[in-house]
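Trainee: Mind looking at a prediction? Sequence and model below.
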Amino acid sequence: MIAPALTFIAALAVLLVAARYFTFAAERVGKWMGLSPFVVGVFIVGIGTSLPELISAIMAVRSGASEIVGGNVIGSNVSNLFLITGIAALISRPVIHLGSRYILIDMHYLLGAFFLFAVITHDGEITWIEGLFGVFTYLVYSIYLIKQGGVELKEALSRGKRKVAPFRDLGILVLTAVAIFFGADLTVSSITELATGFEVPASLIALTVLSLGTTLPELAVNIAAIRQGRSEMAVGNVLGSCVFNSLMVPSVASFFGTLHLPDELLTFSLPVMLGAGLFFYLLTNDKHVSQWEGWLFVILYTLFVVQLITG
């Protein structure tokens, strides 16, 4: 158990350092594109930090273990909404403000993505045909974000603020995204090896250890963003990751083989994910997340994990 523990510590250190530089570069690239900090978090940072879920899903399907994909998606979404947002709210002073005009539309896409995931998984399977609907929906969402960013860019250019393409930041963005991916991959593999050594069931690993491991990039990026005074980007990252996880991860993975979801995911974990999305939507309608709400999110996530372990 010593080797996996040392691997976990080293991989986590790489993850945190890469996340810090990724956040700096992402914001500068987003400003050059004319995107608001919220949209930067939803689109650029959200996709970058969701790469571990996507790659692990494809690897799981190709190895004949597609049943862990659904657990990873559901567990990652619950972890993002409750644990990651909760921690972000606890370390943000005094509250996380969500002043962006995009928040309501992005919240609607969050609920829509969860609903679409629930529809295509109702029979316990996700085929490549159903996956096409998820990919198409995410493309529509991406076009919306890009168009809104283009409007802001045109407004900036009309005021004479022409900008040179930040090639250096683009390079940093690519390199740190790769570092985040490999850091998360090593982190997940070491955590999984530790859990296997302690004889933890595979279904529990997918819902807790694996999903928590693949959300470490979101946590690292969000902590870095909040310390830099960019709490709106942190929430945008959570929303973007959840939408990407629900639409793209299972959809792209289904192109490599039909996904199978165990009954225990559909009867307990999936309803919890849907409830988490609705609860998050209701609590953020006032466009801020307080520390007290952060405590509530963390408590709900802890209850979810306890139910999984004791159930």
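Mentor: All right, it came through fine. Numbers count the residues shown, from 1 in each chain.

Trainee: For the residue sitting nearest the centre point of the chain, give me its contacts.
Mentor: The centroid of the chain falls nearest to residue 241 when counting by C-alpha atoms, centre = their mean (2.7 Å). Going by C-beta atoms under 8 Å, 6 or more residues apart in numbering, residue 241 touches 46, 49-50, 76, 80, 215, 218. Quick note: C-beta positions are derived from backbone N, CA and C, even for glycine.

Trainee: Kindly recompute the last result at 7 Å.
Mentor: Residue 241 makes contacts with 46, 49-50, 80, 218, as judged by C-beta atoms under 7 Å, 6 or more residues apart in numbering.

Trainee: Go ahead and list the helix or strand containing it.
Mentor: Using DSSP states H and E, residue 241 sits within helix 231-254.

Trainee: pLDDT averaged over that helix, what's the number?
Mentor: Rounded to a whole number, the mean pLDDT of helix 231-254 is 86.

Trainee: packing partners for the helix or strand harbouring residue 14?
Mentor: Element membership of residue 14 [criterion: DSSP H and E] is helix 2-33. Here helix 2-33 touches helix 167-197, helix 216-227, going by 3 or more C-beta pairs under 7 Å, 6 or more residues apart in numbering; DSSP states H and E.

Trainee: Buried residues, the first one. List them.
Mentor: Judged by neighbour count using 16 or more other C-beta atoms under 10 Å, the buried positions of helix 167-197 are 169, 172-173, 176-177, 179-181, 183-192, 194-195.

Trainee: cool, and the last one?
Mentor: Counting neighbours by 16+ other C-beta under 10 Å, one finds that the buried residues in helix 216-227 are 216-226.

Trainee: Mind exporting the C-alpha coordinates of that helix to PDB?
Mentor: Extracted in PDB, the C-alpha atoms of helix 216-227 (Å, rounded to 0.1, in the frame of the first residue of the first chain):
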ATOM      1  CA  LEU A 216     -10.300  16.400  -8.200                       C
ATOM      2  CA  PRO A 217      -9.400  18.600 -11.200                       C
ATOM      3  CA  GLU A 218     -12.600  20.600 -10.600                       C
ATOM      4  CA  LEU A 219     -11.800  21.000  -6.900                       C
ATOM      5  CA  ALA A 220      -8.200  22.000  -7.600                       C
ATOM      6  CA  VAL A 221      -9.200  24.500 -10.300                       C
ATOM      7  CA  ASN A 222     -12.000  25.900  -8.100                       C
ATOM      8  CA  ILE A 223      -9.800  26.400  -5.100                       C
ATOM      9  CA  ALA A 224      -7.200  28.200  -7.300                       C
ATOM     10  CA  ALA A 225     -10.000  30.400  -8.900                       C
ATOM     11  CA  ILE A 226     -11.500  31.400  -5.600                       C
ATOM     12  CA  ARG A 227      -8.100  32.300  -4.100                       C
END
